[in-house]
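Q: got a predicted structure plus its sequence, pasted below:
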Amino acid sequence: MQRWRGLEEIPGDWGRSVVTIGSFDGVHLGHQLVIDQVVNRARELDAKAVVVTFDPHPSEVLRPGSHPPLLAPHPFRAELLAARGVDAVLVLPFTAELSQESPQDFVRRVLVEALRARLVIEGPNFRFGHRAAGNVALLAELGREDDFEVEVLDLKVRGTAGGGEPFSSTLVRRLVAEGDVTGAAEVLGRPHRVEGLVVRGAQRGRDLGYPTANVDTVAHSAVPADGVYAGWLTAAGDRMPAAISVGTNPTFDGTARTVEAYAIDRVGLDLYGLHVAVEFLAFLRGMEKFDSIEALLDRMADDVKQAREMTG
Ligand SMILES: Cc1cc2nc3c(=O)[nH]c(=O)nc-3n(C[C@H](O)[C@H](O)[C@H](O)COP(=O)(O)O)c2cc1C
Ligand SMILES: Nc1ncnc2c1ncn2[C@@H]1O[C@H](COP(=O)(O)OP(=O)(O)O)[C@@H](O)[C@H]1O
């Protein structure tokens, strides 16, 4: 799969494209249906499947400071799209200038001239261009002038997560913030994960018998609610069952909120400085302030036992 940042990176001999435009943060099951349709139609039409997305999230530019919690940083998002057969991801730097472009200019510049769109697939609520003035009706009208078709997919995927609400990135963000990582996994079709560099902490874990990799999560990451979770820690391609703690370590009167993962039964690891991923399978319990280290250790032994069974 090709990854382009900006229109300049599109090869000059790129053929015709089947395109969808959106944030696709998380590439959840609803997104996956749209993406799969783009890929299938591209194969039928002998065209390329292209996903157009934005960085940073448009809301950060339109209302600074309002970046939503991030479910999938762009490199991981690209990996998820590649796995579904997408041929290229175009990441457009979302700037004040882009936000002021008219729907007509945006379509001409991006879809017609740069991507040579043959077909554009969107949901019924798709909005684009300055003040979100463009909608699917306008897109279809522009397509008639500029030789591309528009397909509107009205997909409402639901499950039991969030009380049966339609799947959306907003729903996943809410479930993650509530610590309902099982619900989040139902919508995503995989466990939610955060990623970042392993940094130094209080260096207390090793003395407790549970060294924990402290993960400095990438900016705006959707970190689950404080608590203890079962899941996995992936470092250098090794996916290890883990017991994960999110919180301020109140037993030690900590103040910084950290994400820490103990790779179960693994000794002698050196993870400092590595970029790792932490996946959340299940919420085990809330963060607690224990009266003694012994009490904390008893509970941690229990957590680890549960996490070992759930991930084994
Ligand atoms: C499975 C697990 C459960 C934990 N539960 C708690 C807890 O309930 N309360 C708490 O204060 N700290 C809890 N911790 C965090 C420990 O206090 C923390 O890992 C320890 O202080 C080591 O910190 P360090 O990595 O900065 O050295 C837990 C850690 C793990 C791995
Ligand atoms: N089983 C393990 N799980 C996680 N980290 C481990 C493990 N074994 C060794 N380590 C190493 O130990 C470090 C954590 O030890 P710890 O005493 O908690 O220090 P810190 O407070 O700096 O995180 C990790 O960053 C990693 O390099």
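A: Perfect, thanks for sending it. Residues are numbered from 1 along each chain as shown. Ligands and ions are numbered 1, 2, ... in the order given.

Q: show me where this protein has helices.
A: Using DSSP state H, the helices of the chain run over 29-44, 58-62, 74-83, 96-99, 103-106, 136-146, 169-177, 181-188, 205-208, 293-311.

Q: counting contacts, what elements does the longest one pack onto?
A: It refers to helix 293-311. helix 205-208, strand 227-235, strand 238-247, strand 275-285 (3 or more C-beta pairs under 8 Å, 6 or more residues apart in numbering; DSSP states H and E). Any C-beta I mention is one placed from the backbone N, CA and C, and that applies to glycine too.

Q: again, only this time at 7 Å
A: Using 3 or more C-beta pairs under 7 Å, 6 or more residues apart in numbering; DSSP states H and E as the contact test, the elements touching helix 293-311 are strand 227-235, strand 238-247, strand 275-285.

Q: how close does residue 127 get to residue 52?
A: Shown here: residue 127 relative to residue 52, a distance of 14 Å by C-beta to C-beta, to the nearest Å.

Q: before we move on, back to that, which one, of the helices of the chain, ends up nearest to ligand 2?
A: Ligand 2 lies closest, by C-beta to the nearest ligand atom, to one member of the helices of the chain: helix 205-208, at 2.4 Å.

Q: any buried residues in that closest one, and which?
A: By neighbour count on 16 or more other C-beta atoms under 10 Å, the buried set for helix 205-208 is residue 205.

Q: could you give the separation of that helix from the chain centroid?
A: Distance, stretch centre to chain centre, for helix 205-208: 32 Å (C-alpha atoms, centre = their mean, to the nearest Å).

Q: which residues sit against it?
A: 211, 212, 297 (C-beta atoms under 7 Å, 6 or more residues apart in numbering).

Q: switch to 6 Å and redo it
A: With contacts defined as C-beta atoms under 6 Å, 6 or more residues apart in numbering, helix 205-208 is touched by 211, 212.

Q: now stretch 294-303
A: For stretch 294-303, the surrounding residues in contact (C-beta under 6 Å, 6+ apart) are 210, 228, 243, 251, 284, 290.

Q: got these as a markdown table, with pLDDT and neighbour count columns?
A: Output for the contacts of stretch 294-303, formatted as a markdown table (pLDDT from 0 to 100; neighbours: other C-beta atoms under 10 Å):
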| residue | pLDDT | neighbour count |
| --- | --- | --- |
| 210 | 98 | 20 |
| 228 | 99 | 24 |
| 243 | 98 | 28 |
| 251 | 97 | 17 |
| 284 | 98 | 21 |
| 290 | 98 | 15 |
